[in-house]
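**Q** whatever this is, show me its structure:
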Amino acid sequence: MAWVKSNPNEILKDFPNMQDYLPYLEELGKESPRGKVLISTGFMEQVLKEILCAFLVEGKVAEELFEGGNAPLGTFSARAKLAFTLGLVSEKEFQDLELIRKIRNEFAHNVKASFDDPAIVARRRSLQHKVPDHPDRPMRPEEQFTTASTGLLLNIINRPAHVSKKRRSYGNWNR
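**A** Just a heads-up that it's a prediction; the model follows:
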C-alpha cells in the first residue's frame, strides 16, 4: 500500500471519501486485537449506515431508522442484511460482513477471546477479503482479520457516492 505513505492531502484531493479511512488505518495500527475488531466493525457499521442513507428517501424518517434504542436499523446485523437485500453490497461482501460481525460478537462478549479460539478460527479462515498466505510466511491470525476488514472497507467506502445516484424518491403511484 505505497499510496498510504503519500501525502494524505494529495490522496484526499483525489479520493475525498478516504477522509475517514486514513485515520482508521492509523488508529488500527495502535490497537490490541480486541481494539482492532471493535474499531473495524464500528467503522463498517457507520459505512453501512452511509450506504443505506444514500439510497433511502432523504429525510428525518430515514434517519430515525438508525437512531434511538429501538431503531430497526440500529445494529450491524440489520444494516448488513438490508444492504444485501437491496443489492447495495455483493454476496461476497455480505458473507464477510456476517463473519466479521460474528467475530466481533465473540470479542465483545468474551473478555478472553482470541483469534486462535475455535469459534473464531474457522470464521477468520473463511474471510474472502483477506490477503492470501505467502508461501514463505503464512498470515498470522490477527493479520487475516485485519487484511480482510481493511480490504472489505476499501470495497465499500466509495459505495455511498455510487448508491446516491440511485437514491429512492417518492413515487406517483396509481390507485
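**Q** CA only for contacts and neighbour counts going forward, please
**A** Noted.
**Q** and stretch 35-48, which residues are buried?
**A** Neighbour counts using 16 or more other C-alpha atoms under 10 Å place Gly35, Lys36, Val37, Leu38, Ile39, Ser40, Thr41, Phe43, Met44, Glu45, Val47, Leu48 of stretch 35-48 among the buried residues.
**Q** equivalent analysis for stretch 56-70, please.
**A** Buried residues in stretch 56-70, counted by 16+ other C-alpha under 10 Å: Leu56, Glu63, Phe66.
**Q** tell me the pLDDT of the first one.
**A** This points to Leu56. Here the pLDDT value assigned to Leu56 is 97.
**Q** that one is in contact with Lys165, isn't it?
**A** No. If you go by C-alpha atoms under 8 Å, Leu56 and Lys165 don't touch, sitting 11.1 Å apart.
**Q** before we move on, the earlier item: quick check, nearest of the buried residues of stretch 35-48 to Ser126?
**A** Using C-alpha to C-alpha, Val37 is the member of the buried residues of stretch 35-48 that lies nearest Ser126, at 16.1 Å.
**Q** the closest one reaches Lys102, doesn't it?
**A** No. Using C-alpha under 8 Å as the test, Val37 is too far from Lys102 to be in contact (10.5 Å).
**Q** who touches the longest helix belonging to the chain?
**A** The residue-count maximum for a helix in the chain (DSSP state H) belongs to helix 33-55. Helix 33-55 is touched from outside by 24, 28, 62-63, 66, 75-76, 79-80, 83, 88, 100-101, 103-104, 107-108, 113-115, 142, 145-146, 149-150, 153, 156-157, 159-161, 163-164, 166-168, with contacts defined as C-alpha atoms under 8 Å, 6 or more residues apart in numbering.
**Q** check contacts around Val61.
**A** Taking C-alpha under 8 Å, 6+ apart as the definition of contact, Val61 has no neighbours.
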